[in-house]
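Engineer: next come a sequence and a model predicted from it.
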2 protein chains.
Amino acid sequence: MSTVSGGVAASREVLVLLRPSGVAGLVPELADPSAPHLTVKDQGVSRGDGLFETALAVPGDHGALTVRKLGAHLGRLGGSAEILDLPVPSPAQWRQAIDMGLAEFARSCPGTAATVKLTVTRGPETAAGLAPQPTAWVLLTATALPDPSVRPAGLRVLLLNRGLDSRVADKAPWLLAGAKTLSYAVNMAALRHAKANGADDVLFVSSDGQLLEGPTSTALLVRRNAEGRRELVTPLRQQGILAGTSQAVVFAAAEREGWPLGYGPLTPADLEGIEGLWLASSVRGVAPVLSVDGEPLPVDDELTDRLNAWLREDRDPGAHAVTVD
Amino acid sequence: MSTVSGGVAASREVLVLLRPSGVAGLVPELADPSAPHLTVKDQGVSRGDGLFETALAVPGDHGALTVRKLGAHLGRLGGSAEILDLPVPSPAQWRQAIDMGLAEFARSCPGTAATVKLTVTRGPETAAGLAPQPTAWVLLTATALPDPSVRPAGLRVLLLNRGLDSRVADKAPWLLAGAKTLSYAVNMAALRHAKANGADDVLFVSSDGQLLEGPTSTALLVRRNAEGRRELVTPLRQQGILAGTSQAVVFAAAEREGWPLGYGPLTPADLEGIEGLWLASSVRGVAPVLSVDGEPLPVDDELTDRLNAWLREDRDPGAHAVTVD
């Protein structure tokens, strides 16, 4: 494990492998995060065939780490596994591995926050007829916990065509829309394209003009509704969007405080006249969008603070999370 | 290496890693294919961010193996690398690693054909500002060389929507259409969908109704042209289709024999009245399609034999290969 073999840099990471065991199913085991653990025949790498989730663990009063909205992450992973027809560890097996990783991380990096990345692949290629044996692990990496008094940096965003029609998810399940798979090359290429063009992030648009999501985030906007009240809106989930765990927590908190909520549909024209647009993700938090395709948007610091406070509260997302274990 | 550490099963594979070396750039090195060589932080697995090519090596008269259409594979890999903005080994570095693998494979599995899979990933995640160090390897796996007297098995094929518009490749380069990336989860899901529905393979159709390609193959069809002559046709490359190396070799051979050739556009309606449809790939060869969506197609054994003979001849694909090193 990293604290034994590694130096200062290595000890900022903790890796837990979920090892298959004939008797006990899957047994969590600490391992060196810098050592190789995957063969070149693992279908995670040979075919991008697997799933992941990235959560945030924050240190609490007694030094123990708590993973924010873990139920929503595990629930979404279960939903993705169904879409991908992939056997994955049970929520209890994940929790056992995560707990081992959190304890080790709290010991080696006391008082530090961590990203908690769960990954499961279809495992090494097997001969025809043999069942695949998935490969699964939890990687914890030290991260700077966003200081509540410092707002996430504002983002210049480009609208990029995601290529797919917004109605395709239901009609063509093999396109895996809505599953958080390891096949993220397009998401990474979109981010590189944005950065090469002077922007920081991307908001994908469907081929029929619907606002979708960021490559690693969910879009939220605030606008006035017909009664002149502020409402919090996110794009329609039926459009093959990944169900945002941060969006679910923020929506649940807003609902408790009496905010009207909306689930799209949204098009770029709906950005006209809004009070703010944000990209929400587990690690970065709720970051305000400064401009879209170079057109400035209003930025409301008080709203940014409120959305991030709701995310930090980490209360039950209830019905706003698509699947909960 | 496998011949030292492995048993009979392991010795059917040979792995060559391209190890970075300060002095020599990349140095090929034999390694155990069953041992782990990748960390969980390799972006090949964490993001499906990388490229691959699968070629076929066949034993010749003196026991040495020759990789079929290697120039076309290396050329296509170079083209994919440009689309993905990925630093990859040079053709000379690949050839050095492949030669090492072929020599070892010929020694351990004399007289046996092999699939030769080249893979390069963006390497382990690095801190911001540090250049990625790609991970690259060549994996050779024993395969049954198709007996020229036995035709490839016929395929029942489903037409499945690929989701993307056929004109999207040029307009949206971040969608990586035409690059052979490791993000193959959708291709694998499409094949699972076909098999779950009683079929063997898939022919993707664009959202605007154009015939595209298979998840791991290129479509070829034979029909009569306006003058009543047989012509060989493949879908338009501009539709974001992977440039088929087998298709290129077959087209070049057909051209030398005076066949009229066509590059689409093709729609499902164009399957009406054809003399045959095939899916071409490097390892399986040119396999006849028995039916599309349950509708039987004519199967012409003589044409199947001729197309496979052209592929086996492995002559220079010339201008039919998109990029050649």
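Structural biologist: On my side now, so go ahead.
Engineer: can we go C-alpha only for contacts and neighbour counts from here?
Structural biologist: Fine.
Engineer: so what's the residue in the stretch 101-250 of chain A that chain B sits nearest to closest to, chain neighbours aside?
Structural biologist: As assessed by Cα to the nearest Cα, chain B sits closest to A:S183 within the stretch 101-250 of chain A, at 4.0 Å. Closest residue to A:S183 apart from its sequence neighbours, by Cα to Cα, 6 or more residues apart in numbering or on different chains: B:S183 at 4.0 Å.
Engineer: residues near that neighbour, how many?
Structural biologist: 27 (other Cα atoms under 10 Å in any protein chain shown).
Engineer: picking that back up, ok, the residue of the stretch 101-250 of chain A closest to chain B - contacts?
Structural biologist: A:S183 is in contact with A:R47, A:G48, A:D49, A:G50, B:R47, B:G48, B:D49, B:L182, B:S183, B:Y184, B:A185, counting by Cα atoms under 8 Å, 6 or more residues apart in numbering or on different chains.
Engineer: ok, and what's touching the host helix or strand of A:V233?
Structural biologist: Using DSSP states H and E, A:V233 falls within strand A:230-234. For strand A:230-234, the external contacting residues (Cα under 8 Å, 6+ apart) are A:218-225, A:247, A:251, A:254, A:259-264, A:266.
Engineer: and it, how far out from the chain middle?
Structural biologist: The gap between the average C-alpha position of strand A:230-234 and the chain average comes to 21 Å, counting by Cα atoms, centre = their mean, to the nearest Å.
Engineer: try stretch A:188-206
Structural biologist: 17 Å.
Engineer: equivalent analysis for stretch A:221-235, please.
Structural biologist: Relative to the centre of its chain, stretch A:221-235 is centred 24 Å away, using Cα atoms, centre = their mean.
Engineer: enumerate every residue touching A:R237.
Structural biologist: A:R237 touches A:A243, A:Y263, counting by Cα under 8 Å, 6+ apart.
Engineer: if we use 7 Å, what do you get?
Structural biologist: A:A243 (Cα atoms under 7 Å, 6 or more residues apart in numbering or on different chains).
Engineer: what's the answer for A:V292, then?
Structural biologist: A:R156, A:V157, A:L158, A:L159.
Engineer: and it, how far from A:G240?
Structural biologist: 22 Å (Cα to Cα, to the nearest Å).
Engineer: phi, psi for A:G276 please.
Structural biologist: With angles defined as degrees, to the nearest 10, A:G276 sits at phi 170, psi 150.
Engineer: quick check: it touching A:E302?
Structural biologist: No - with contact defined as Cα atoms under 7 Å, A:G276 does not count as touching A:E302 (10.7 Å).
Engineer: neighbour count: these two, which is higher?
Structural biologist: Just comparing A:G276 and A:E302: by other Cα under 10 Å the higher neighbour count belongs to A:G276, 21 against 9.
Engineer: what residues does chain A put near chain B?
Structural biologist: The interface of chain A toward chain B, taken as Cα under 7 Å from any Cα of the partner chain, is made up of A:34-40, A:44-49, A:84, A:161, A:163-165, A:168, A:172, A:174-176, A:182-186, A:189-190, A:193.
Engineer: of the contacts of A:S183, which is the nearest to B:K69?
Structural biologist: B:L182 (21.2 Å; Cα to Cα).
Engineer: counting neighbours, what do you get for the closest one?
Structural biologist: B:L182, neighbours per other Cα under 10 Å, totals 29.
Engineer: which two among the contacts of A:S183 are spaced furthest apart?
Structural biologist: A:G50 and B:D49 (13.2 Å).
Engineer: please say which of those two ends up with more neighbours.
Structural biologist: A:G50 (34 against 28).
Engineer: beta partners of the more buried one?
Structural biologist: A:T121 (DSSP bridges).
Engineer: state which helix of chain A is the longest.
Structural biologist: helix A:91-108 (DSSP state H).
Engineer: starting at the chain centroid, how far to it?
Structural biologist: 19 Å.
Engineer: for it, C-alpha coordinates in PDB please.
Structural biologist: What follows is helix A:91-108, C-alpha atoms only, in PDB (Å, rounded to 0.1, in the frame of the first residue of the first chain):
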ATOM      1  CA  PRO A  91     -23.600  -1.400  -2.900                       C
ATOM      2  CA  ALA A  92     -22.500  -3.200   0.300                       C
ATOM      3  CA  GLN A  93     -19.300  -4.400  -1.400                       C
ATOM      4  CA  TRP A  94     -18.500  -0.900  -2.600                       C
ATOM      5  CA  ARG A  95     -19.200   0.500   0.800                       C
ATOM      6  CA  GLN A  96     -16.900  -2.000   2.400                       C
ATOM      7  CA  ALA A  97     -14.100  -1.100   0.000                       C
ATOM      8  CA  ILE A  98     -14.700   2.600   0.400                       C
ATOM      9  CA  ASP A  99     -14.700   2.400   4.200                       C
ATOM     10  CA  MET A 100     -11.300   0.600   4.100                       C
ATOM     11  CA  GLY A 101     -10.000   3.400   1.800                       C
ATOM     12  CA  LEU A 102     -11.400   6.200   3.900                       C
ATOM     13  CA  ALA A 103      -9.900   4.800   7.100                       C
ATOM     14  CA  GLU A 104      -6.500   4.400   5.400                       C
ATOM     15  CA  PHE A 105      -6.700   7.900   3.800                       C
ATOM     16  CA  ALA A 106      -7.700   9.600   7.100                       C
ATOM     17  CA  ARG A 107      -4.700   7.900   8.800                       C
ATOM     18  CA  SER A 108      -2.200   8.900   6.100                       C
END
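Engineer: for that helix, which positions count as buried?
Structural biologist: By 16 or more other Cα atoms under 10 Å in any protein chain shown, the buried positions in helix A:91-108 come out as A:91, A:93-106, A:108.
Engineer: quick one: list the elements packing against it.
Structural biologist: For helix A:91-108, the elements it packs on are strand A:13-21, strand A:135-143, judged by 3 or more Cα pairs under 7 Å, 6 or more residues apart in numbering or on different chains; DSSP states H and E.
Engineer: switch the cut-off to 8 Å
Structural biologist: Secondary-structure packing of helix A:91-108 (3 or more Cα pairs under 8 Å, 6 or more residues apart in numbering or on different chains; DSSP states H and E): strand A:13-21, strand A:25-31, strand A:65-67, strand A:135-143.
Engineer: any chance of CSV for these, columns mean pLDDT and mean neighbour count?
Structural biologist: Formatted as CSV, these follow (pLDDT from 0 to 100; neighbours: other Cα atoms under 10 Å in any protein chain shown):
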stretch, mean pLDDT, mean neighbour count
strand A:13-21, 95, 22
strand A:25-31, 94, 18
strand A:65-67, 95, 20
strand A:135-143, 97, 23
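Engineer: reformat these as a markdown table; add distance to B:G25.
Structural biologist: Output for these, formatted as a markdown table (distance: least, Cα to Cα, whole Å):
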| stretch | distance to B:G25 |
| --- | --- |
| strand A:13-21 | 29 |
| strand A:25-31 | 30 |
| strand A:65-67 | 43 |
| strand A:135-143 | 31 |
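Engineer: buried residues, stretch A:69-87. List them.
Structural biologist: Of the residues in stretch A:69-87, A:69-81, A:83-84, A:86-87 count as buried by neighbour count, 16+ other Cα under 10 Å.
Engineer: my bad, stretch A:169-184
Structural biologist: Buried-residue list, stretch A:169-184, by 16+ other Cα under 10 Å: A:169, A:172-184.
Engineer: output it as CSV, nothing but the C-alphas.
Structural biologist: What follows is stretch A:169-184 as a C-alpha-only set of coordinates in CSV (Å, rounded to 0.1, in the frame of the first residue of the first chain):
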residue,chain,number,x,y,z
ALA,A,169,-31.7,7.4,-25.7
ASP,A,170,-35.0,5.5,-25.5
LYS,A,171,-35.0,4.3,-29.1
ALA,A,172,-31.4,3.2,-29.2
PRO,A,173,-30.3,1.8,-25.8
TRP,A,174,-27.0,0.5,-27.4
LEU,A,175,-25.8,4.1,-27.6
LEU,A,176,-25.5,4.0,-23.8
ALA,A,177,-26.8,7.5,-23.3
GLY,A,178,-27.2,8.1,-19.6
ALA,A,179,-24.6,5.6,-18.5
LYS,A,180,-21.3,6.9,-17.0
THR,A,181,-19.0,4.6,-19.1
LEU,A,182,-15.2,4.6,-19.3
SER,A,183,-15.6,5.5,-23.0
TYR,A,184,-15.0,9.2,-22.4
